[in-house]
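Chemist: have a look; sequence and predicted model below, questions after that.
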Amino acid sequence: MLPRQKNRMIHTNGYHVQPLGNAKDCGTKQVGHTWLQKLWKKNATSSSYGQIKHGGTPHTWLWRGSYKLYTRRERVPSEMSEKFKVKMLSPAEIAFLTQYCTVMKPVTKTLNILQSETNTHMGWLLPVIFQLEAKLGRLEVSCKLCLPLIRAIQVGVQKRFGGMMGDPELIAAAIFLTKFKTTWTEKANIIEAGLAYVKHHIEHMTEDEMEHVGHSSDEDDFFSSLKSKKSKGTSELDGFLACVSDKIDLLNSFPLIKKLSLKLNTGLPASAACERLFSCAGLLFTANRARMNSTNFENQLLLKLNSKFIE
């Protein structure tokens, strides 16, 4: 089952392309990009391959390929440019690429976090997006050359995630993560919406539990919901928020919070993990192995994805 947002975050990086095409500095970006591509292509095809220690030729067809390409420009010595007869970058081009890397660094970190397969839950979505917006806002002053890029990313983030930023269910999922709780945003209305969602569902969970418990009299049964709301629901939420521990094991001390957290945080914030699974499955189920039965295919896929635990 795919995450709630359905739209894959892997395409978020594409929102900066069109607005940046109208910027006066896009020519500088293109020159720097062409220069680095030429240099790495010559280095890869020359007899002295490997003299530029960059850890592999970058793939610009990947969403993070251009960013990695530009960050590696500092590892290129001037003598390598002279050897391959490629003109060095001008100071203006270097300044632009430096600011480009500064702007794209929080974007790449955001995508890496949300597309991870481990230690990532649905509750990470809003805190990460809010942090990205805050970082981009601070960069507007220091990165004037890439201001169109910053504006385009901000518009793209709002277009894709703007409708989710006030979703009480996603806010509650973030509050249930001990790493964040209520500290990930300064907007009081956002936190209040999430807390209201939590209190409402905890009250219903408490009432459902009380319906299965016997009572001594009709009077006690009639007013039991008032006792449960006060003693169990609100106190458990207050106790969870008051704890300073950021370990996930803290949820074991609050059964109602844990139950609701499992419901909201089981899903992943992006479908990249599912796509990686489908990609591995495609490598196994080739045309030459079309008669493989489902059990054999499932076992081979399981072994392939868990090979690091077997070795």
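Modeler: Now that the structure is in, tell me what you want to look at. Numbering: from 1, shown residues only.
Chemist: rest of the way, CA atoms for contacts and neighbours
Modeler: OK.
Chemist: residue 301 contacts residue 282, doesn't it?
Modeler: No. Using Cα atoms under 8 Å, residue 301 makes no contact with residue 282, being 9.8 Å away.
Chemist: between those two, who's got more neighbours?
Modeler: Between residue 301 and residue 282, counting by other Cα atoms under 10 Å, residue 301 is the more crowded of the two (20 against 12).
Chemist: now that one, nearest residue through space, not along the chain?
Modeler: Leaving aside its chain neighbours, residue 301 sits nearest to residue 281 (6.4 Å; criterion: Cα to Cα, 6 or more residues apart in numbering).
Chemist: doesn't residue 299 make contact with the one you found?
Modeler: No. Counting by Cα under 8 Å, residue 281 stays clear of residue 299, with 11.0 Å between them.
Chemist: who has more neighbours, the two?
Modeler: Shown here are residue 281 and residue 299; by other Cα under 10 Å, residue 281 has more neighbours (18 against 10).
Chemist: check whether the more buried one sits in a helix, strand or coil.
Modeler: Assigned with DSSP: H, G, I helix; E, B strand; the rest coil, residue 281 falls in the helix class.
Chemist: gap between it and residue 271?
Modeler: Here the criterion is Cα to Cα, to the nearest Å. By it, residue 281 lies 15 Å from residue 271.
Chemist: what does residue 159 give?
Modeler: Residue 159 is 18 Å from residue 271, where distance means Cα to Cα.
Chemist: now do residue 198
Modeler: As judged by Cα to Cα, residue 198 and residue 271 stand 26 Å apart.
Chemist: domains of the protein?
Modeler: Structural domains annotated on the chain: 9-165, 169-265, 272-310, as defined by automatic domain parsing.
Chemist: how long is the last one end to end?
Modeler: Read it as domain 272-310. 24 Å.
Chemist: return the set of buried residues in that domain.
Modeler: For domain 272-310, the neighbour count (16 or more other Cα atoms under 10 Å) marks 272, 273, 281, 284, 297, 301 as buried.
Chemist: save those residues as CSV, and put in pLDDT, secondary structure and distance to residue 139 too.
Modeler: As requested, these are exported to CSV (pLDDT from 0 to 100; DSSP: H, G, I helix; E, B strand; the rest coil; distance: Cα to Cα, whole Å):
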residue, pLDDT, secondary structure, distance to residue 139
272, 85, helix, 28
273, 84, helix, 30
281, 90, helix, 41
284, 89, helix, 45
297, 90, helix, 49
301, 90, helix, 44
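Chemist: show me which pair in those residues is furthest apart.
Modeler: The largest separation in the buried residues of domain 272-310, counting by Cα to Cα, is between 272 and 297 at 21.4 Å.
Chemist: no further queries at this time; thank you.
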